[in-house]
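In: Quick one: sequence plus predicted model below, questions after.
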Amino acid sequence: MPICIPEQLPAQHVLSGENIFTMDSNRAATQDIRPMEVGILNLMPNKIETEVQLLRLLSNTPLQINVNLIRVDKLAPKHTPQAHMDAFYHDFSTIAEKKYDGLIVTGAPLAHLSYDEVKYWDKMVEILEWSQRNVNSTLYLCWAAHAAMFHFHGIQRKLRTRKLSGVYKHKVLDPYNELLRGFDPEFYAPHSRYGYIDSDVYNSIDGLHVITESPEAGAYTVASNDKRMVFVTGHPEYDPETLQDEYKRDLSAGQDAIVPVNYFTDDDPAKPPLVRWRSHGSLLFNNWLNYYVYQTTPYDLSQLSEKSQPKR
């Protein structure tokens, strides 16, 4: 939340220079507050696990948030009961006329498929286009971040020969960006993917810039100058055991699975995971909700303007 301080206080100028939002008592007295409307387009196979992870992060804020779970079709993935989908998920067609303060689009295990081979790609494109008219700020995670870059900017991801899996050290490149408020200069975050886009490619797009990256994992957080799009190539939402479960699943499937890097104590799969990313994951979501959603969204969502995209 912004801090309310006396008008003309010298600290206001200093904080403004650090890109910290303040308001005076006159503005504070006229603030209207309503619940935030946030949609989650959940593309992960295990819907319930992902719901818990994301809702846990969204709950750590003083803001009231109304959440809609959204699906692209009526088919239930094999790891989620049909009854759960029918009870808790909205078909996109039923919310297409609604406007949202924020939207989260999750990753999906689709690394080895070209986008036009994804069975719901046409619907994905429809939702991406819809978000430009109906959502104030969208947070794209992992596969969704690359898919959005492809659709909006024509950037094709590259694929590693082996999966990037582990917990990697990242550096903050833009310490005054509100999305990184409270971050340490270096922090850890999990990754689990094959795809990647080089940092210089992100930075070559007008209005986008990489604000955190890792020497090993590459670009991690990419933000648009207007705050309406955030691309996160890793998984700040992951539970302590998620990478372990993925590793065991890959081994059981007969894949040449690598031990997740910097994850198990002493890099020994027989020992418990070393958890050191959850505080920054929570902070990232809090900052997105506060500075990229709450501080920028119109009180009347019907006044939400359409985001214009640069010409390819």
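Out: Now that the structure is in, tell me what you want to look at.
In: Give me the number of neighbouring residues for the spatially closest residue to Thr265 that is not a sequence neighbour.
Out: Nearest non-adjacent residue to Thr265, counting by Cβ to Cβ, 6 or more residues apart in numbering: Lys271, 3.9 Å away. Just so you know, the C-beta spots here come from the backbone N, C-alpha and C atoms, and that holds for glycine as well. For Lys271, the count of nearby residues is 10 (other Cβ atoms under 10 Å).
In: now Lys271: how far from Gln244?
Out: 11 Å (Cβ to Cβ, to the nearest Å).
In: what do you get for Pro81?
Out: Distance from Pro81 to Gln244, by Cβ to Cβ: 24 Å.
In: Then Leu180?
Out: Taking Cβ to Cβ, one finds Leu180 at 28 Å from Gln244.
In: circling back to that earlier point, for Arg181, see how far away the residue nearest to Thr265 is.
Out: Distance, Lys271 to Arg181, using Cβ to Cβ: 34 Å.
In: need the longest helix for the protein.
Out: Longest helix in the chain, counting residues (DSSP state H): helix 121-134.
In: Near the residue nearest to Arg34 when sequence neighbours are not counted, how many other residues are there?
Out: Excluding the flanking residues, the one nearest Arg34 by Cβ to Cβ, 6+ apart is Tyr299, at 6.7 Å. Using other Cβ under 10 Å, Tyr299 has 9 other residues around it.
In: So what's the gap between the helix or strand where Leu283 lies and the chain middle?
Out: Taking DSSP states H and E as the criterion, the element that holds Leu283 is helix 278-287. Centroid separation for helix 278-287 versus its chain: 11 Å, with Cα atoms, centre = their mean, to the nearest Å.
In: helices or strands next to that helix in the packing?
Out: Packing partners of helix 278-287 (3 or more Cβ pairs under 8 Å, 6 or more residues apart in numbering; DSSP states H and E): helix 47-58, strand 186-196.
In: Can you check which residues contact both of Lys271 and Gln244?
Out: Both Lys271 and Gln244 are contacted by Phe264, under the criterion Cβ atoms under 8 Å, 6 or more residues apart in numbering.
In: related to what we said a few turns ago, have a look at Leu180 and Gln244 and say which one is more surrounded.
Out: Taking other Cβ under 10 Å, Leu180 and Gln244 do not tie; Leu180 has more neighbours (23 against 16).
In: And Ser137, how far from Tyr202?
Out: Distance of Ser137 to Tyr202, given as Cβ to Cβ: 18 Å.
In: And the longest strand seen in the chain, what's buried?
Out: Taking DSSP state E as the criterion, the chain has its longest strand at strand 158-172. Going by neighbour count (16 or more other Cβ atoms under 10 Å), the buried part of strand 158-172 is 163-168, 170, 172.
In: repeat for stretch 213-228
Out: By 16+ other Cβ under 10 Å, the buried positions in stretch 213-228 come out as 213-214, 217-224, 227-228.
In: Give me the subset of the residues you listed that lies in helices.
Out: Secondary structure defined by DSSP H assigns none of the buried residues of stretch 213-228 to helices.
In: pLDDT added to those residues, as a markdown table?
Out: Shown next, in a markdown table, are the buried residues of stretch 213-228 (pLDDT from 0 to 100):
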| residue | pLDDT |
| --- | --- |
| Glu213 | 98 |
| Ser214 | 98 |
| Ala217 | 97 |
| Gly218 | 97 |
| Ala219 | 98 |
| Tyr220 | 98 |
| Thr221 | 98 |
| Val222 | 98 |
| Ala223 | 98 |
| Ser224 | 97 |
| Lys227 | 96 |
| Arg228 | 96 |
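In: and which of those is nearest Glu186?
Out: Ser214 (9.6 Å; Cβ to Cβ).
In: and that closest one, bridged to which residues?
Out: Taking DSSP bridges as the rule, Ser214 bridges to Gly218.
In: show me the contacts for it.
Out: Ser214 sits next to 168-171, 189, 220 when contact means Cβ under 8 Å, 6+ apart.
In: which among these gets closest to Asn262?
Out: Relative to Asn262, the closest of these is Tyr168; by Cβ to Cβ it sits at 6.5 Å.
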